[in-house]
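Trainee: Predicted model and sequence below, questions to follow.
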Amino acid sequence: MPFSKLYVGNLNYKTTEESLKDLFAQFGEVTSANILQGRGFGFVEMATPEAAQDAKGKLNGTEFDGRKLIVNDARPQTDRPRPDRDRRPGGPGAGERRGFSRF
């Protein structure tokens, strides 16, 4: 089943949501464009799965704002397990040594 939401990676940090929306609009109606600031990637949602697939096929690997875009179907967000507090460096279980000994 084709998706209408696309992952867009390898973005220039100066790329704006408006310019990204304009880029994808040539393939159909863009319902949203969201860039995660400081991360170099974002998401574009198209009005139809067909428009999204067309945009993906024609924009993946092309240059935009001086960077070669990576365009893929966005994967559904999953609940990611949070790191166990006891597994952090220095937390319980970080090693056998607890404190230090003068002997």
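Mentor: Nice, thanks for sending it over. Residues are numbered from 1 along each chain as shown.
Trainee: so where's the chain shaky on pLDDT?
Mentor: For the chain, the stretches with pLDDT under 70 are 1-3, 79-80, 82-103.
Trainee: In this protein, what residue spans correspond to helices?
Mentor: For the chain, the helices defined by DSSP state H cover 17-25, 49-59.
Trainee: Redo those helices as a markdown table? Include mean neighbour count and distance to P76.
Mentor: Quick note: C-beta positions are derived from backbone N, CA and C, even for glycine. As requested, those are arranged in a markdown table below (neighbours: other Cβ atoms under 10 Å; distance: least, Cβ to Cβ, whole Å):
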| stretch | mean neighbour count | distance to P76 |
| --- | --- | --- |
| helix 17-25 | 16 | 20 |
| helix 49-59 | 18 | 15 |
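Trainee: Let me have those in CSV, extended by distance to K5.
Mentor: Below are the helices of the chain laid out as CSV (distance: least, Cβ to Cβ, whole Å):
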stretch, distance to K5
helix 17-25, 11
helix 49-59, 7
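Trainee: mind checking which of these is nearest L36?
Mentor: helix 17-25 (10.5 Å; Cβ to Cβ).
Trainee: rewinding a little: mind checking the helices of the chain for the one nearest to F41?
Mentor: helix 17-25 (10.7 Å).
Trainee: any idea how far that closest one is from the chain center?
Mentor: 16 Å (Cα atoms, centre = their mean, to the nearest Å).
Trainee: same thing with stretch 7-21?
Mentor: 11 Å.
Trainee: what does that stretch rub up against?
Mentor: Applying Cβ atoms under 8 Å, 6 or more residues apart in numbering, the external contacts of stretch 7-21 come out as 30, 33-35, 38, 40-44, 64-75.
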